[in-house]
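**Student:** Based on what follows, work out the 3D shape:
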Amino acid sequence: MNTTENVSDSGWVGYRPQIKALDCTIRDGGLMNNSRFEDRTVAAVYRACVEAGIDYMEIGYRNSRKIFSPDQYGVWRYSHEDDIRRIVGDNPTNLKLAVMADAEKSDYQNEIPPKSESVVDMIRVACYIHQIPLALDMVKDAHDKGYETTINIMAASVIQERELDEALALVASSEAQALYLVDSFGHFYSEQVRYLIIKYMNYMRPAGKSVGIHAHNNLQLAYANTIEAIVLGANMVDATMAGLGRGAGNCPMELLIGFLHNPKYKLRPVLDCVENHIEPMRKNLKWGFDLPYLITGLLNRHPRSAMKFIEAEVRGDLLEFYDKALAGE
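**Tutor:** As a prediction, the model looks like this:
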């Protein structure tokens, strides 16, 4: 069978032309180095996304310098227009660019210009459940300025059912074009992903909105959970080159492209970027599955304690870490 010509009738469950792949290597990976990427690395990821046919590249955060000091953070924590254009020019490609604005950390009214003045196409608003009202205001602001918009409700694994239902109803009536299920702590198994994606879709589909998935790899399930979401109908899917991302990392783009079976996606540019630009950073950034991340994932905890354990010059005692984690320390 010629897979390039006959993908659509092959029966491959991963093929659906509505699916959009979003690369968040620089944005999520920036949580491992305070967004201090060299221009050549950002340019390499951008070039790989363009050549691979990826739909969106999230080039960084659009957060406030008042909260994140430039003395500590690199330019991709702010992703200002001049920095983005230094990499992409006017972006004369089919790749769309996105930035993430965190609720309570972004001066969105002043720092996000009208779309007519920006090379950015999409504003992704990240929030915790108690920040939904602010997130909705941020989405409306971005929508009114002409951008595509998403809401990414973080730490879904710790949200109470009633609170979640109330939030989903509000998002369904908002200007957001997509809602993401975000497994911030890498805690979910396929059963939870299945339940929540179906719930999200029951609210979003009648409102004409898409559902997305952003998975972390604490239990080595980021890829599997992304597949689960796709099979159930999620059409916005996040991934990163070599899984680069906070702590245990994310669903690897190279795996996702293979699963999607869409001939518009090309694997070779991604492999080139991974080999020559991403993997050389692993020794210093230390992302990816490790036992401390397993422990925080199982316990449904933020991975900050595991990151501190792994980043120490001398690795501590794993059993002591586990016992303290169980005790809530």
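
**Student:** any chance you could map the strands in the stretch 101-250 of the chain?
**Tutor:** In the stretch 101-250 of the chain, the segments counted as strands under DSSP state E, counting those that start in this stretch are 122-127, 148-153, 178-183, 210-215, 236-239.

**Student:** Let's have those strands in JSON lines, adding mean pLDDT and distance to residue 81.
**Tutor:** In short, each C-beta sits where N, CA and C put it, glycine included. Shown next, in JSON lines, are the strands of the stretch 101-250 of the chain (pLDDT from 0 to 100; distance: least, Cβ to Cβ, whole Å):
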{"stretch": "strand 122-127", "mean pLDDT": "98", "distance to residue 81": "13"}
{"stretch": "strand 148-153", "mean pLDDT": "98", "distance to residue 81": "17"}
{"stretch": "strand 178-183", "mean pLDDT": "98", "distance to residue 81": "24"}
{"stretch": "strand 210-215", "mean pLDDT": "98", "distance to residue 81": "25"}
{"stretch": "strand 236-239", "mean pLDDT": "98", "distance to residue 81": "23"}
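
**Student:** Would you format the ones you listed as a markdown table with mean neighbour count and distance to residue 161 included?
**Tutor:** As requested, those are exported to a markdown table (neighbours: other Cβ atoms under 10 Å; distance: least, Cβ to Cβ, whole Å):
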| stretch | mean neighbour count | distance to residue 161 |
| --- | --- | --- |
| strand 122-127 | 26 | 18 |
| strand 148-153 | 24 | 14 |
| strand 178-183 | 25 | 14 |
| strand 210-215 | 26 | 18 |
| strand 236-239 | 26 | 23 |
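
**Student:** can you list those strands in JSON lines and add distance to residue 196?
**Tutor:** Formatted as JSON lines, those follow (distance: least, Cβ to Cβ, whole Å):
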{"stretch": "strand 122-127", "distance to residue 196": "17"}
{"stretch": "strand 148-153", "distance to residue 196": "10"}
{"stretch": "strand 178-183", "distance to residue 196": "5"}
{"stretch": "strand 210-215", "distance to residue 196": "9"}
{"stretch": "strand 236-239", "distance to residue 196": "15"}
